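[1] Predicted model and sequence below, questions to follow.
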Amino acid sequence: MKISNSKVVIIGAGMVGSATAYSLIVQGICAEVVLVDRNMDKAIGEALDLQHGIEFLNRNVHVRAGNYDECKDADVVVITASIPMHNIKSRNELLDQNIIIMDSVVAQIMASGFDGHIIVVSNPVDILSYYVYKKSGLPKNQVMGTGTSLETARLKKVIGNIVNIDPRSVHAYVIGEHGENMTVPWSHVLVGGKGFIEAVEDDIIRFKDVNLDKIVEETAQAGFEVYNRKGSTQYGIASATTGIIKSILHDERRMISISALLDGEYGEIDLFCGVPAILGKEGIIEIAQYHLTDDEAARFKKSTMAIKAHIAGLRLED
């Protein structure tokens, strides 16, 4: 008799990796969490600190530090390893050095015999997700990035504040690049089932100050707003990553805007970018395709072209 288990390995025990581990443990998403970091003392310290809180949580999640051999039987491997984001103005500035990190990380993950799902959190996430997909050799449904999942949450929070409604009652997705070139398909943004643009037009006095472009800008810059004030971002992205993991491990078939490989969807081929996708035990089950207006399609195209420009410069040969 075999009893199924659920194991998540997190590569990188920095702020994002440790916050993701904490989020998984607090919610009791999985049975095991393993932290892997080139600084073993850091990984052990984080694991011990997390262990000491289990007494007060709802589930005895087994958390420990380990090495890449732990990936062999993992259901999900999360990659958060990255150089520090000190004094950068764009996530793309991290690319050259993070590619070197991905080479080492992916080689060691796959050498373990891993055949589960990889979630890339490291930035620039769309380009690195594409790189990890190519280097790992895993099927496209098993490799994804956090993409625009966090931007989507930020957008819903902004709209929720405007309308004075729980952001979970806002239905919206940010698509395209995780970064300055993200875009919002406003024609598909709903508030309590009603189109947001329609709601604004129906109550022009109440919403006279609503500016869609400013909302997009606020959403796109939200990460740097946090970073400039506290020196890091961790809780939002950790929560988004946990939501993705939960949908996979619990086969929720929840739709989340992740970075996924496009193979004809939205007229794009061979690149990763943020799109709404249904997630379950198979990983990416289906990419949702929305009919975009001409303006939305043009903005999305601009976003994907920015990603393609960086992908074109990648060296993918062994």
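    Thanks, I have the structure now.

[2] Note down every partner strand of the host helix or strand of residue 285 and its orientation.
    In this assignment (DSSP states H and E), residue 285 forms part of strand 283-287. Next to strand 283-287 in the sheet, as set by DSSP bridges, lie strand 269-280 (antiparallel).

[3] from the middle of its chain, how far away would the partner strand be?
    Strand 269-280 sits 11 Å away from the centroid of its parent chain (C-alpha atoms, centre = their mean, to the nearest Å).

[4] Give the buried residues for it.
    271, 272, 273, 274, 275, 276, 277, 278, 279, 280 (16 or more other C-beta atoms under 10 Å). Heads up, the C-betas are built off the backbone N, CA and C, glycines and all.

[5] And stretch 148-164, by the same measure?
    Under 16+ other C-beta under 10 Å, the buried positions of stretch 148-164 are 148-160, 162-163.

[6] Between those, which sits nearest residue 37?
    The closest of those to residue 37 turns out to be residue 150 (C-beta to C-beta; 22.6 Å).

[7] Next up, the contacts around the closest one.
    Counting by C-beta atoms under 8 Å, 6 or more residues apart in numbering, residue 150 touches 178, 223, 236, 237, 240.

[8] So the second one: helix, strand or coil?
    Three-state call for residue 223 (DSSP: H, G, I helix; E, B strand; the rest coil): helix.

[9] Next, count neighbours for the closest residue to it other than its chain neighbours.
    Spatially, and ignoring its direct neighbours in sequence, residue 223 is nearest to residue 233 (5.5 Å; C-beta to C-beta, 6 or more residues apart in numbering). Counted with other C-beta atoms under 10 Å, residues neighbouring residue 233 total 20.

[10] pretty sure residue 233 contacts residue 226?
    Yes: applying C-beta atoms under 8 Å, one finds residue 233 in contact with residue 226, separated by 4.7 Å.

[11] Could you pull up the residues touching residue 300?
    175, 176, 183, 185, 266, 292 are the contacts of residue 300 under C-beta under 8 Å, 6+ apart.

[12] follow-up on the earlier one: ok, the residue nearest to residue 223 - contacts?
    16, 223, 226, 227 are the contacts of residue 233 under C-beta under 8 Å, 6+ apart.

[13] in this protein, which segments are predicted with low confidence?
    1-4, 86-92, 317-318 (pLDDT under 70).

[14] quick one, strands of it?
    7-11, 32-36, 62-65, 76-79, 117-120, 143-145, 170-171, 175-176, 182-183, 190-191, 194-195, 254-263, 269-280, 283-287 (DSSP state E).

[15] Work out the sheet partners of the second one and label each with its direction, please.
    Spelled out, that is strand 32-36. When DSSP bridges is applied, strand 32-36 pairs with strand 7-11 (parallel), strand 62-65 (parallel).

[16] Quick one: distance of the first one to the chain centre.
    Relative to the chain's own centre, strand 7-11 is displaced by 15 Å; criterion: C-alpha atoms, centre = their mean.

[17] Surely residue 24 touches residue 32?
    No: using C-beta under 8 Å, residue 24 is not in contact with residue 32; the gap is 9.8 Å.

[18] between the two, which one's more packed in?
    residue 24 (27 against 19).

[19] tell me the centre residue of the chain?
    residue 146 (1.3 Å; C-alpha atoms, centre = their mean).

[20] burial of residue 65, as a residue count?
    19.

[21] Bridge partners for it, pull those for me.
    Note on residue 65: beta-bridge partners by DSSP bridges are residue 35.

[22] In contact with it, which residues are there?
    13, 34, 35, 36, 37, 40, 43, 44, 46, 47.

[23] Turn these into JSON lines, columns for neighbour count and distance to residue 212.
    Conversion of the contacts of residue 65 to JSON lines gives the following (neighbours: other C-beta atoms under 10 Å; distance: C-beta to C-beta, whole Å):
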{"residue": "13", "neighbour count": "26", "distance to residue 212": "40"}
{"residue": "34", "neighbour count": "24", "distance to residue 212": "43"}
{"residue": "35", "neighbour count": "27", "distance to residue 212": "41"}
{"residue": "36", "neighbour count": "26", "distance to residue 212": "42"}
{"residue": "37", "neighbour count": "24", "distance to residue 212": "42"}
{"residue": "40", "neighbour count": "14", "distance to residue 212": "48"}
{"residue": "43", "neighbour count": "24", "distance to residue 212": "44"}
{"residue": "44", "neighbour count": "16", "distance to residue 212": "48"}
{"residue": "46", "neighbour count": "22", "distance to residue 212": "41"}
{"residue": "47", "neighbour count": "22", "distance to residue 212": "45"}
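
[24] out of those, which one sits closest to residue 95?
    So of the contacts of residue 65, ranked by how close each gets to residue 95 (C-beta to C-beta), first place is residue 37, at 21.4 Å.

[25] what's the closest one sitting at in phi/psi?
    Dihedral angles phi and psi of residue 37 (degrees, to the nearest 10) take the values phi -150, psi 150.

[26] can I assume it is in contact with residue 12?
    Yes: between residue 37 and residue 12 there is a contact under C-beta under 8 Å: 6.1 Å.
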